[in-house]
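[1] Give me the fold of what follows.
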Amino acid sequence: MSCVASGTRPSTKRAPWWADNSKEAYSSGLAALARALKNWQDSKHGRRAGARMAFPRPKRKGRAPESCRFTTSAIRVEADRHHVTLPRLGRIRTQESTRKLARRLEKGTARILAATITQSGGRWFVSFSCEVKREIASPRQPQAVVGIDVGVRYLAVLSDGRMVANPMPLLRAQRRLRRLNRQLARRRGPSTGPDAIPQRAGDRSVVNSSESTPESPTYVATTCTNSLLSSSTRTARS
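    Now for the predicted structure:
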């Protein structure tokens, strides 16, 4: 730990694995440990708001998210909007375009502070921590005053007569539910087993609810649609 803090590389006899990875892999882990210990100390002595924090526990492989944070060396977004450069990893192609960040970097209104790579669902993601310069927009009519009345039929009614409509999440959820039901109706039920996959449209079979298992497609689709409708109903009532 003293070698990492001082920035020197340990000898190959003591740590032969040191050169196989980037120094940021070790530094980011130690920085996360330092933050966790500080939060634990602040929470213990009442200097941190919120719930009481326990002593930091070590991460277990396969259960904790795999991530690494780069703060030094070459971190940049390439001009073609589909490649980024990270230390020790080199030039990597991205699935999504980076044009919004690249435009700010070209204008000089943003500066990359760090890059974090994370593995989730078998894919790798990179997120950039940036310092962005934004202009605070001033109100067009700073002396204007308006009253707001929050209601049920309308989300808000303004004193000047304007009405803000409700977002109506139940109607959107019902449209999605109808689309999923049509998709389910075009599928064939698991007539030969719980793991059977629908093969063609138009061939529908009635499946008894007692025969459907949690692994069957019919059970999964029915559970998702029922939960979607119930959650939307609770949102509309609230």
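[2] pLDDT weak spots in the protein?
    1-11, 189-238 (pLDDT under 70).
[3] domain assignment for it?
    Per automatic domain parsing, the structural domains of the chain span 2-44, 66-132, 169-204+211-237.
[4] now the helices: where do they sit in the chain?
    Assigned by DSSP state H, the chain shows helices spanning 2-6, 23-44, 99-107, 169-185, 217-237.
[5] Next one: Ser97 relative to Val84, how far apart?
    Using C-beta to C-beta, to the nearest Å, we find Ser97 at a distance of 11 Å from Val84. Heads up, the C-betas are built off the backbone N, CA and C, glycines and all.
[6] And the two? Which one has more around it.
    Val84 (22 against 11; other C-beta atoms under 10 Å).
[7] is that one in a bridge, and if so with what?
    Per DSSP bridges, the residues bridged to Val84 are Val77, Ile92.
[8] try Ala115
    In beta-bridge terms (that is, DSSP bridges), Ala115 pairs with Phe70, Phe128.
[9] surely Thr85 meets Thr94?
    No. Applying C-beta atoms under 8 Å, one finds Thr85 not in contact with Thr94, separated by 11.0 Å.
[10] Report the contact partners of the closest residue to Arg99 other than its chain neighbours.
    Nearest residue to Arg99 in three dimensions, chain neighbours excluded: Arg81, at 4.7 Å (C-beta to C-beta, 6 or more residues apart in numbering). Applying C-beta atoms under 8 Å, 6 or more residues apart in numbering, one finds that Arg81 lies in contact with Ser97, Thr98, Arg99, Ala102.
[11] Could you count how many residues lie near the third one?
    If I follow you right, that is Arg99. Arg99 - counted by other C-beta under 10 Å - has 12 other residues nearby.
[12] ok, now the second one?
    Neighbourhood size, Thr98 [other C-beta under 10 Å]: 18.
[13] Please list all residues in contact with the residue nearest to it when sequence neighbours are not counted.
    Distances taken as C-beta to C-beta, 6+ apart put Val77 closest to Thr98, at 5.0 Å, once the chain neighbours are dropped. Counting by C-beta under 8 Å, 6+ apart, Val77 touches His83, Val84, Thr85, Thr98, Leu101, Ala102, Leu105, Ile112, Phe128.
[14] Show the buried residues in the residues you listed.
    Using 16 or more other C-beta atoms under 10 Å as the burial test, the contacts of Val77 include Val84, Thr98, Leu101, Ala102, Leu105, Ile112, Phe128 as buried.
[15] quick check, nearest of these to Arg187?
    Of all those, Arg187 sits closest to Thr98, with 38.6 Å by C-beta to C-beta.
[16] Distance check, that closest one against Arg69.
    Distance from Thr98 to Arg69, by C-beta to C-beta: 18 Å.
[17] looking at it, Arg93 is touching Glu78, isn't it?
    No. Arg93 is not in contact with Glu78 according to C-beta under 8 Å; the separation is 9.4 Å.
[18] More neighbours: which of these two?
    Neighbour count, other C-beta under 10 Å: between Arg93 and Glu78, Glu78 has more, with 15 against 9.
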